[in-house]
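> what's the 3D shape of this:
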Amino acid sequence: MEKITVKVIILYMFFQQTNLQLLINVKNQGGDVMQEAIVANVSEDTVTLEFLRSDGVFVSQLVDFTNEVEAMKVIIPGEEELGQTGYQTLCFLTHAAQADFIAPDAMAKLRQKNPGTVRVAEEDKGWRQTTATAWAGRATRLLSPAAARHCAPAGDKVYLRTSDLSRWAPRPGVEQSYTAEVTPFPANALSETSDGFPEVGVCVAETNATKACICHLEVCVNWYPCGLKYCKGKPQGGLSYRCGIKTCRRCYRYHFYVKRRESCITYI
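Down below sits the predicted model:
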């Protein structure tokens with residue numbers, strides 16, 4: 001990894017954390033401890049979770065509760081051994097399953113009694129696989145202004161599933177524009193040959209650097225507040241009250257089309 005790339009990512013994290021709400025020490029499944037920054041923006045109804053992986057990959061996940069949009073942004077340093085220089089920024093939009101995160105107003109009230117404690121999630125929610133079918137284009141701004149700002153560094157490398165477009169709540173004057181603003185992948189990108197094999201192969205098996213292929217990316221969020229805990233009150237009252245949070249771990253596997261294998265920094 002180039003030294004300049006490391007500095008860019010660290011500076012990026014620093015400026016992103018100027019309004020952070022919580023810093024959490026989290027242990028991943030490999031036993032490494034990393035620090036997550038969680039920001040709850042009540043006025044925008046968003047939650048952002050960010051961390052820098054031990055391999056230099058920076059992950060920033062935004063959930064827009066009002067517009068039901070989840071935006072996963074990933075900054076990936078190039079591998080010098082593979083002749084990859086600089087870094088690549090990608091962003092994936094999916095319909096937000098709001099039950100996965102607690103609401104921003106509840107998140108903003110969270111405090112740590114012991115900030116130095118290393119956290120481990122209570123529940124592992126496993127893998128969620130997403131196969132993108134289009135470049136999001138201007139639809140990002142229509143779907144969620146917050147996600148559009150979040151994904152701006154990715155440029156045209158913002159991906160989504162066209163099947164998700166119908167799941168987002170329609171808004172007057174906008175609902176007819178979602179599909180028109182995205183750019184679908186080429187017809188052969190996700191189709192199969194007559195013998196059942198994908199017409200466009202995976203980048204990990206492609207040896208021609210100029211050939212199109214399907215790239216993949218894996219991201220694990222090892223700790224996040226995924227629900228509220230309620231305890232029963234004293235027998236006299238009998239009412240339940242909020243007494244804590246439930247924490248979860250979830251991994252994401254994204255598949256997306258690239259026009260040239262050399263554009264897939266993550267094909268290893």
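> hey, where'd the strands end up in the protein?
Secondary structure of the chain (DSSP state E): strands located at 22-27, 33-41, 46-52, 58-64, 69-77, 87-95, 118-119, 123-131, 134-135, 158-160, 183-184, 213-232, 240-258.
> deepest-packed of the ones you listed, please.
Ranked by mean neighbour count, these are led by strand 158-160 with a mean of 27 (mean count of other CB atoms under 10 Å). Using the backbone N, CA and C atoms, a C-beta is placed for each residue, glycine as well.
> partners of that one in the sheet?
Applying DSSP bridges, strand 158-160 is found paired with strand 87-95 (parallel), strand 134-135 (antiparallel).
> can you check the pLDDT for the nearest residue to Pro184 once chain neighbours are set aside?
Take Pro184 and drop its neighbours on the chain: the residue closest to it by CB to CB, 6 or more residues apart in numbering is Ala134, 4.6 Å away. Per-residue pLDDT puts Ala134 at 96.
> gap between Ala134 and Ile245?
35 Å (CB to CB, to the nearest Å).
> Met34 too?
20 Å.
> repeat for Asn67
Taken as CB to CB, the span from Asn67 to Ile245 is 24 Å.
> swap in Phe92?
Counting by CB to CB - Phe92 and Ile245 are separated by 26 Å.
> what of Leu22?
For Leu22 relative to Ile245 (CB to CB), the value is 11 Å.
> His95 touches Trp168, doesn't it?
Yes. His95 is in contact with Trp168 according to CB atoms under 8 Å; the separation is 6.4 Å.
> joint contacts of those two?
Residues within reach of His95 and of Trp168 at once, by CB atoms under 8 Å, 6 or more residues apart in numbering, are 68-69.
> for Gln112, which non-adjacent residue is closest in space?
Leu22 (6.7 Å).
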